[in-house]
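Participant: My questions concern the predicted model and sequence given below.
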Amino acid sequence: MTPAPAFSVIGGFFLRILLFLVPTLMLWYWGRDWVAAAPAWLAGKTLHMFFPHWVVTVEREGPAHVLVTLLRVAMPDGRVGELTPEVRALSYCYGSALLPALLLASRATRLWWKIPLGLVLLVPFQAWGLSFAWLLQIAFQSGTSVAAQAGISAFGANLIGVAYQFGYLLMPALAPILIWFALDRTMVATVLIEGALSGRQ
């Protein structure tokens with residue numbers, strides 16, 4: 001027997017994802033200021049909670065979000081200023097376009113609450129990426145004296161490096177898929193069953 005039925009389910013699903021990604025990416029970019037606002041705010045509040053002695057606030061400067069700190073850094077001309085690492089938040093937030101595309105492509109029911117809920121659930125994962133992107137600059141790119149001021153040890157710097165890789169390379173794509181799994185189990189089960197039946201033919 002031919003595995004065409006499984007291909008029709010799985011192949012059609014992936015084709016719909018590609019088609020829906022076009023409008024969701026357009027909406028995501030159009031609303032980029034709102035998309036990045038919540039993760040940046042949460043990341044700033046979280047870092048302030050863990051490092052209240054040197055984290056001040058988060059400010060937006062064009063496409064970047066800046067972490068305002070009290071860490072002192074020496075300039076090449078001898079002046080001393082305060083470190084303000086910056087990150088382009090959208091690099092960590094493309095899951096906000098991928099998740100709606102997954103839900104639309106799987107023809108999930110009750111989208112009126114699943115899409116907003118899914119977008120809210122993505123925020124902590126996106127804030128993770130932003131937080132460790134700022135910390136990476138402090139721990140590795142600003143000199144040992146700045147890392148010492150921040151209270152970051154060599155072991156802590158290594159942990160920050162691992163967490164950054166996880167937050168930049170894996171989490172932005174994996175988080176929307178896991179949330180889609182949780183919100184649309186019917187489609188997931190259908191794909192798994194059709195794939196298993198195809199493998200037995």
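Facilitator: Nice, thanks for sending it over.

Participant: C-alpha only now, for contacts and for neighbours.
Facilitator: OK.

Participant: any idea how far Phe13 is from Leu135?
Facilitator: Using Cα to Cα, to the nearest Å, Leu135 is found at 38 Å from Phe13.

Participant: So for these two, which residue has more residues nearby?
Facilitator: Neighbours per residue (other Cα atoms under 10 Å) separate Leu135 from Phe13, with Leu135 holding more: 23 against 19.

Participant: what's near enough to touch that one?
Facilitator: Ile160 (Cα atoms under 8 Å, 6 or more residues apart in numbering).

Participant: Next one: it, what pLDDT does it get?
Facilitator: pLDDT recorded at Leu135 is 97.

Participant: quick one: secondary structure of it?
Facilitator: helix (DSSP: H, G, I helix; E, B strand; the rest coil).

Participant: Extract the residue ranges of the protein that are flagged as low pLDDT.
Facilitator: 1-9, 76-78, 187-201 (pLDDT under 70).

Participant: can you rerun that using 90?
Facilitator: For the chain, the stretches flagged by pLDDT under 90 are 1-14, 62-63, 73-82, 106-109, 141-145, 184-201.

Participant: ranges for the helices of it?
Facilitator: Taking DSSP state H as the criterion, the chain carries its helices at 4-30, 32-50, 95-105, 111-136, 144-149, 154-165, 171-183, 185-200.
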